[in-house]
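Asker: Prediction below, plus the sequence it came from.
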Amino acid sequence: MTWQSETQHIAHNIRRRVLEHTINNNGGYLSQACSSAETLAVLYTKVMKLNPSDAPMIPPPFTGVPSKANPRYTGAAYNGAHTPDADRFFLSAVHYALPLYSTLIETKRMSPDGLAQFNRDGSTVEMIGAEHSPGLEVTGGSLGQTISQAGGIALARKLKNESGRAFVFMSDGEYQSGQTWEAIQALAFYKLDNVIIYVDVNGQQCDGKMTEVMNIEPLRARLESFGACVAQVDGHDLDALAASAAIAHDDQPLVILAYTDPAKGMPILNSRKPKLHYVRFKDEAEKKLFAEFLKTM
Amino acid sequence: MEILTRVHAKNFVEWAKDKPEVIVLSADLTSSTEIDLFRDTYPKRFFSMGMAEQNMMGFAGGLTREGFVPCIHTFAVFIYRRAYDQICDSIAYPNLRVRFFGFLPGVTTPGGATHQAIEDLSIMRSLPNMTVVECGDATDVESVLDAIHDVDGPVYVRMLRGEIPRLFAKEEKMQINHARVLSQGDDVTLISTGICTEEAMRTTKVLRERGVSIQHLHVTTLKPFSDPLVLESLIKAKRGVITMENHTVLGGVGTATAEMMAENGIGKRLIRIGLQDTFIHGASKPYLMREYGLDAIALVEQVEKLIGAKLNISENDLAAVRLDAVHSEAKAEAL
């Protein structure tokens, strides 16, 4: 079996698992799984150098918010030990938590039973993930904050002569935010070529189509003018997604714009356009249609 | 009274000498926050982040997670007003050891409303995990670095620059959550913070001469605010309590004192000297202190109100007061 067929299989299972979860819970971030499945699958199976998971297959209950009396802990252990040569993963668009948890399951870093705790009281498997959630290392629910935190970690690792890189998964909506551009500016200024950013450019945000909410294009030209090395790919093309990470980008952060279809692999979702941010079924009939579709996957 | 210059600039360089994990992040106000000497002495530990405070907070959080101790230097307003969301999520929530040095508190700058930090203590005090301290003289500035160094979590320091008086003996260093007792008495308890303490010391000297018995504390730690010395002083005040701060009376030492009094059932009058829920504008420090009632004569007026008697103290009486660096009387009374 080629790596491509294996990774495609994982991408397919991410979509299937998120759809199944959305049906069972009558709601979920479904289009995000459709647009990001290949990117997450490629990152975890082909691109990132991660150690095996150090975390329990079933996430233990939440032990409380960090304080002086309660030392902080993160869900980064699901991405493996922090050795100097290991890469780190940062999910910036944390409403993609459900696709990420599914990715951890499909890559055998978390048990399928772990997902039963999703959005349950007292669990770390939160709907909008925070740093204690499986696979997460920082708290980025206020979008645009993760890239700066990953930048600080990447700068620190350069100072410590560590070779591992920081992979940041962002949504395109975050490019409306000023902090994102401050961060790109700083990554370029400090020549942090150990930062590689994948952006899911699915053209969708909470209010609907991004071109009608606030335009960010031409994104590639804007990023290049800020000093980033930029690749633009079909976000469902496994070879292109994988090859982009190897593009030479000495002294520059690398940004890979993965243009995606928010209904990819699930054409039934097209009926809900332009509102795709969070799918909650209108009635039993619609839910049944999606359940029928799930059987075909 | 001894006046010192560039206290923080020299002190920080010396203090950081054997602490390679200590780094500085600056937002284009390097000389203005007296961290230029550090930049020139340890260029590899200095990071210019530009006028981009939101990103700077995220970088600080990330650097801390990897073992560094970032010390953020800029004007206070640009810390808590421009980047509050980032301070909250990227630093305070995970309880990271970032140190914020916020300059230009309240009336200390003629820079106007955009530069005058008048509600910083209120905002930072309400943020979980944050420790909040304020410097009032050169001894505070010299010793605050050691005082906060072991705090496991973020610390906001309301800082002074330029010419600073030495009000407290050099060897009596600032301690977290431990007030300095500047005079003892039981008619009125006065709790002052920051630059208001110098003004208050002028007044208390004259008040004592006029027979008013005053318990005067200088408080540096706004959070935690649980010093038993403060509680004892509130209990012993026969006529009432006055707080005095270069800050809005909503959320600073006046509020913290009111909370402590209420929670301990201390049913006495409390007068809060400070900015009465108002912005201020660009003008000199003496002018603003007079205009907004934060100076020595303003304190006289409030003491008169509290004790119900005129004291016939003039501005000239206060101006004639000569201040010497004092030793805290905390030990003497063994509170």
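Answerer: Received it, and whenever you're ready, just let me know what you need. Here the structure is a predicted model, which means the values were calculated and not measured.
Asker: which residue ends up closest to the midpoint of chain B in space?
Answerer: Compute the mean C-alpha point of chain B, and by CA atoms, centre = their mean the closest residue is B:E134, 2.3 Å away.
Asker: Could you check how far it is from A:H9?
Answerer: In this view, B:E134 and A:H9 are 60 Å apart by CB to CB, to the nearest Å. From N, CA and C alone the C-beta is placed, and that goes for glycine too.
Asker: Likewise for B:K305?
Answerer: Distance check for B:K305 against A:H9: by CB to CB, it reads 80 Å.
Asker: Flag every residue of chain B that's near chain A.
Answerer: Listed as neighbours of chain A in chain B under the rule CB under 8 Å from any CB of the partner chain: B:47, B:49-50, B:52, B:54-68, B:85-86, B:89-90, B:93-95, B:128-129, B:152-153.
Asker: Counting only helices, which of the residues you listed make the cut?
Answerer: Among the residues of chain B next to chain A, the members falling in helices (DSSP state H) are B:54-65, B:85-86.
Asker: Closest to B:T30 out of those?
Answerer: Each of these was checked against B:T30 using CB to CB; the closest is B:M56, at 12.9 Å.
Asker: Who are the contact partners of the closest residue to the closest one other than its chain neighbours?
Answerer: Leaving aside its chain neighbours, B:M56 sits nearest to B:M49 (4.1 Å; criterion: CB to CB, 6 or more residues apart in numbering or on different chains). With contacts taken as CB atoms under 8 Å, 6 or more residues apart in numbering or on different chains, B:M49 has the following neighbours: A:A186, B:L25, B:S26, B:A27, B:N55, B:M56, B:F59.
Asker: And the helices in the stretch 1-150 of chain B?
Answerer: Assigned by DSSP state H, counting those that start in this stretch, the helices in the stretch 1-150 of chain B fall at B:7-15, B:36-41, B:53-65, B:76-80, B:84-87, B:120-125, B:138-149.
Asker: Next: chain A.
Answerer: A:3-25, A:30-42, A:97-106, A:146-159, A:178-189, A:210-213, A:219-225, A:238-244, A:284-296.
Asker: ok, and does the third one reach over to chain B?
Answerer: No. Legend: contact between helix A:97-106 and chain B by CB under 8 Å from any CB is lacking; minimum distance shown is 15.6 Å.
Asker: got the angle between that helix and helix A:30-42?
Answerer: In terms of direction (axes from the mean of the first three to the mean of the last three CA atoms, to 10 degrees), helix A:97-106 departs from helix A:30-42 by 40 degrees.
Asker: Would you pull up how far helix A:97-106 lies from the middle of the chain?
Answerer: Centre-to-centre, helix A:97-106 and its host chain are 9 Å apart (CA atoms, centre = their mean, to the nearest Å).
Asker: Quick one: list the elements packing against that helix.
Answerer: When contacts are defined as 3 or more CB pairs under 8 Å, 6 or more residues apart in numbering or on different chains; DSSP states H and E, helix A:97-106 packs onto helix A:3-25, helix A:30-42.
Asker: quick one: low-confidence parts of the stretch 101-250 of chain A?
Answerer: Applying pLDDT under 70 to the stretch 101-250 of chain A flags no residue at all.
Asker: Flag every residue of it that's near chain B.
Answerer: For the stretch 101-250 of chain A, the contact set with chain B under CB under 8 Å from any CB comprises A:130-131, A:137-142, A:144-157, A:159-160, A:178-179, A:182-183, A:185-186, A:189-190.
Asker: Now list the buried members of those residues.
Answerer: A:130-131, A:137-142, A:144-157, A:159, A:179, A:182-183, A:185-186, A:190 (16 or more other CB atoms under 10 Å in any protein chain shown).
Asker: okay, stretch B:126-146 in CSV with CA atoms only?
Answerer: Output of stretch B:126-146 as CSV, limited to C-alpha atoms (Å, rounded to 0.1, in the frame of the first residue of the first chain):
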residue,chain,number,x,y,z
SER,B,126,-9.5,41.3,38.3
LEU,B,127,-7.6,38.9,36.1
PRO,B,128,-7.2,35.4,37.7
ASN,B,129,-3.6,34.2,38.3
MET,B,130,-2.2,37.8,38.0
THR,B,131,-0.1,39.3,40.8
VAL,B,132,-0.1,43.1,40.9
VAL,B,133,2.5,45.3,42.5
GLU,B,134,3.2,49.1,42.4
CYS,B,135,6.5,50.9,43.1
GLY,B,136,6.5,54.1,45.2
ASP,B,137,10.1,55.0,45.5
ALA,B,138,13.7,54.1,44.5
THR,B,139,14.0,51.3,47.1
ASP,B,140,10.8,49.8,45.8
VAL,B,141,12.2,50.0,42.2
GLU,B,142,15.5,48.4,43.3
SER,B,143,14.0,45.6,45.2
VAL,B,144,10.9,44.7,43.2
LEU,B,145,12.8,42.3,40.9
ASP,B,146,13.8,40.1,43.7
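Asker: mind checking how far it is from the chain centre?
Answerer: From the chain centre to the centre of stretch B:126-146 is a distance of 7 Å (CA atoms, centre = their mean).
Asker: Show me what counts as buried in it.
Answerer: Residues B:127, B:129-145 are the ones in stretch B:126-146 that count as buried (16+ other CB under 10 Å).
Asker: same thing with stretch A:105-112?
Answerer: For stretch A:105-112, by 16+ other CB under 10 Å, it's A:I105, A:E106, A:T107, A:R109, A:M110.
Asker: what's the span of it from first residue to last?
Answerer: 6 Å (CA to CA, to the nearest Å).
Asker: Other residues contacting that stretch?
Answerer: With contacts defined as CB under 8 Å, 6+ apart, stretch A:105-112 is touched by A:10, A:13-14, A:17, A:41, A:44-45, A:52-53, A:55, A:57-59, A:78-79, A:101, A:104, A:114-115, A:134-135.
Asker: residues contacting B:Q116?
Answerer: Counting by CB under 8 Å, 6+ apart, B:Q116 makes contact with B:V77, B:L104, B:P105, B:G106, B:V107, B:T109, B:F279, B:I280.
Asker: change it to 10 Å
Answerer: B:75-77, B:104-110, B:246, B:275, B:279-282, B:288 (CB atoms under 10 Å, 6 or more residues apart in numbering or on different chains).
Asker: Also B:I280?
Answerer: B:G106, B:V107, B:T109, B:G112, B:A113, B:Q116, B:I118, B:T248, B:L288, B:E291, B:Y292, B:L294.
Asker: Looking at those, which one is closest to chain A?
Answerer: The nearest member of the contacts of B:I280 to chain A, counting by CB to the nearest CB, is B:A113 at 22.3 Å.
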